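> Model the following, please.
(chains A, B and C)
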Amino acid sequence: MDAFTLQDGLDYASVLVFALTGALAASRSQLDVVGFIFIACLTATGGGTLRDAILNREVFWVADPVVLAVAAFAAVTVFFTAHLLESRYRALLWFDAAALSVAVPAGVAVAMAEGQGWPILLVMGMITGCMGGLLRDVVCNEVPLVLKQGELYATCALAGSLGAVLGGLAGLGHGLSLLLCAGIVFTLRAGSIALGWRLPVYRSHPPSPGAPKR
Amino acid sequence: MDAFTLQDGLDYASVLVFALTGALAASRSQLDVVGFIFIACLTATGGGTLRDAILNREVFWVADPVVLAVAAFAAVTVFFTAHLLESRYRALLWFDAAALSVAVPAGVAVAMAEGQGWPILLVMGMITGCMGGLLRDVVCNEVPLVLKQGELYATCALAGSLGAVLGGLAGLGHGLSLLLCAGIVFTLRAGSIALGWRLPVYRSHPPSPGAPKR
Amino acid sequence: MDAFTLQDGLDYASVLVFALTGALAASRSQLDVVGFIFIACLTATGGGTLRDAILNREVFWVADPVVLAVAAFAAVTVFFTAHLLESRYRALLWFDAAALSVAVPAGVAVAMAEGQGWPILLVMGMITGCMGGLLRDVVCNEVPLVLKQGELYATCALAGSLGAVLGGLAGLGHGLSLLLCAGIVFTLRAGSIALGWRLPVYRSHPPSPGAPKR
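Below you'll find the predicted structure:
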C-alpha cells in the first residue's frame, strides 16, 4: 500500500464524490454538521465496505483512514456552501452519476486484484457502485435512485462492469479496461438523466391495440 | 465442494424462489429488466450473505457464482411472464413462504457444518430465512412481511430451526432434521396466510371486561 | 474470554438496553412475541455485528450466545409490561440514550483492543453506537433518531469517542477513558432530549436581516 495506485485513485475519487451526494441528501433533511459527516461517510464507504466484507479483504478505510478525512472534508464543504446551489437535487443527481462512474471501476479493480472470475467482477462493480447510494437513500427516506422508474442506474453499472470484462478479454490493459468501464457508466447515466435514455420497463398489462394509453 | 450436497440443493432452491419474490417486488415498482435482476439477486443472496459474513465463511455465491445465474434467470422469467399472474402480491406471498421453508434449513445446515451450538443454529436459521426478504421489502419500500401485524413469519423461522435442533437431539439424521425444519416452516407460514393462524399480538391496553372492542 | 472484562460488561449492558428499545419499537408496530424478540435482537446486536465484521473479529454474539438470551429476555419483559408505561415513545427515547452511552465506549474499547489508531476508534464508537438504532428505525419505518432534525445524536457519539481518545492521550487509564466517554455521550444526549441542546442545522437559505422567520 506504499505507492499510490490506480485502485487508490478510484477509491479516493469515489469516496469524495459519493460523500458530496451524501452531504447533499443530509442538507435535504436539514441535519447539523455531524449529521452531514455521518451520512457522507455512510454513502462514501457503504459500497466499498460491503465489497471488502464479501471478498474477505481488510476494509479499505480501515487500511487507510485518510479516506474518512476526505469524506468529512466533503461533508463540511457542502454544509457551508450548499445554499449557493440553484438545485441541490440536480447537483446530487449529477454528483451521483460521477461517483457511480468511478465506484464501479473501483469495485471491478478490487475483484480483479483478488483474481476473481468475471461473474464476481460484474457483481462487485454493481455492489460498489450502487450500494452506497442505496444506503443513503434508504436512510434518508428518499426513493432510491436505483429504483427510479424509467431511469438507467443498475443498468449503467452492469454495462460498465461488462465493458471492463470484455476490454480485458480483448487485450486492453488493466488501466484502459477500467477507463472504458468508467466511460460507459457515465455516458449511459448522463444520457439517462439528460436525454431520457431508458430500457422498456415492466408493465403489468402489455398495451393492446386500441387500448387507451395509461 | 465437488459433489452436489444437500446444502447446495437448499441454497439453490432458496436462491431460485427468493429471486422470484424479488422480481415480483420489482414488478410492483415497474423497473426495467436490470432492475429486476438487481432486486432478485439482493433478495436471493441477502440472507445467506449475512450468514456467511457473520460466520466468517466464504460467501456462498462467491464460492459458486452459478447461483447468481439462477437468480438472474428467475428475474428475467418473471419480467416476461408476471402479467400472466392474476395477483402478483398473492404469488409473491406464496413464493416467499416456499423460499422461507428452504432458506431456514439452509441456514441451519451451514451453522451445523461449522459446528456451532444450538443458539447459533436458531439464529442462523432466522437470519438466512428472514433477511433476504427484509432487504427486499425495505429497499422496495413495502411493509416488511416480517413485521406484518397478525401474521406468523419470524415465528415460523424460529419454530423450524427449533425443530431441526430437537430433531438432531432426538437422533434424527442430518437430512431428516432439515426436512422436519422445512416442513414446520411451510406448515406454519401456509397456515398463517391461508387460515389466519397467529400468536396474540401486543396491545397497548389489554382489553378489560365490558370495554368496547377496538 | 474466561474472566468477565469491562468489555463484556459494556457489551452486555448495551445489548440489554438496546433490546429494550427494539422491543418498544416492536410494540409500536403491534407485533407478536417472536417479532419482539426479532427486532430486539436486531437492534441489540446490529451495531456490534457491523463493528466486528468490519474489524474481521469473531462476531461477539457468536463467541458468546448468552447475549442473545439477554436480548430475548428484554423483549419478553417488554411484551408483558409495556402497557404499564405512560409514554412508550418517551421510554424508547431515554433507553436509547442509555444504550448509546454504553454502546459507544463498547465500540471504542474493541477498536483499542485491536490496536487501531484514533480515526478508527472514533468511527467504531459511532458505528457501534448508532447502527443498531438506525437498523431498528429503518426496519420499523420510524424516522431514524440519528436523523431527527435539531437533536444531537451522531454528535454525542462522536464527542464521546473523542473524549475517550483524548483521555487516553492525557494519560487516563483504559477504564477511566471509557467512563469519560460514556459520561460525555449521556450528558450531551440527555441535554438534547430534556433541554433542547443542539448544533445549528443546515438551512437552505441563511436568514438575512429583516427577512421573515421561517
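> my guess is A:Arg57 is in a strand, correct?
No. Under the criterion used here (DSSP: H, G, I helix; E, B strand; the rest coil), A:Arg57 is coil, not part of a strand.
> my read: it touches A:Val110, true?
Yes. Look at A:Arg57 against A:Val110 with Cβ atoms under 8 Å: they come within range, at 7.2 Å. Any C-beta I mention is one placed from the backbone N, CA and C, and that applies to glycine too.
> which of those two has more neighbours?
For A:Arg57 versus A:Val110, neighbours defined as other Cβ atoms under 10 Å in any protein chain shown are more numerous around A:Val110 (23 against 15).
> That one and chain C: what is the separation?
To chain C, A:Val110 is 16 Å away according to Cβ to the nearest Cβ, to the nearest Å.
> Check which helices and strands the host helix or strand of A:Ala26 sits against.
Applying DSSP states H and E as the criterion places A:Ala26 in helix A:6-28. Helices and strands touching helix A:6-28, by 3 or more Cβ pairs under 8 Å, 6 or more residues apart in numbering or on different chains; DSSP states H and E, are helix A:33-54, helix A:66-81, helix A:88-113, helix A:118-139, helix A:174-195.
> Name the residue closest to the centre of chain A, please.
The centroid of chain A falls nearest to A:Leu100 when counting by Cα atoms, centre = their mean (2.9 Å).
> Next, A:Val201: phi, psi?
phi -100, psi 160 (degrees, to the nearest 10).
> Tell me how many other residues crowd A:Phe18.
Neighbours around A:Phe18, by other Cβ under 10 Å: 32.
> List the contacts of it.
Neighbour list for A:Phe18: A:Ala40, A:Thr43, A:Ala44, A:Gly47, A:Ala71, A:Asp96, A:Ala99, A:Ala103, A:Gly132, A:Gly133, A:Arg136 [criterion: Cβ atoms under 8 Å, 6 or more residues apart in numbering or on different chains].
> buried subset of the residues you listed?
Among the contacts of A:Phe18, those classed as buried by 16 or more other Cβ atoms under 10 Å in any protein chain shown are A:Ala40, A:Thr43, A:Ala44, A:Gly47, A:Ala71, A:Asp96, A:Ala99, A:Ala103, A:Gly132, A:Gly133, A:Arg136.
> Tell me the one of those residues nearest C:Met124?
A:Ala71 (15.8 Å; Cβ to Cβ).
> Is stretch A:52-71 in proximity to chain C?
Yes. Applying Cβ under 8 Å from any Cβ of the partner chain, one finds stretch A:52-71 touching chain C at A:Ala53, A:Asn56, A:Glu58, A:Val59, A:Trp61, A:Val62, A:Pro65, A:Leu68, A:Ala69.
> So for the closest residue to A:Phe60 other than its chain neighbours, what's the pLDDT?
Once flanking residues are discounted, A:Phe60 sits nearest to A:Gly48: 5.3 Å by Cβ to Cβ, 6 or more residues apart in numbering or on different chains. Looking at A:Gly48, its pLDDT stands at 92.
> Verify the stated contact: A:Gly48 with A:Gly132.
Yes. Using Cβ under 8 Å, A:Gly48 is in contact with A:Gly132, at 7.5 Å.
> Quick check: neighbours shared by the two?
Counting by Cβ under 8 Å, 6+ apart, the residues touching both A:Gly48 and A:Gly132 are A:Ala103.
> re the thing from before, deepest in the core, which of the helices and strands packed on helix A:6-28 is it.
Each of the helices and strands packed on helix A:6-28 was assessed for mean neighbour count using mean count of other Cβ atoms under 10 Å in any protein chain shown. The highest is helix A:33-54, with a mean of 27.
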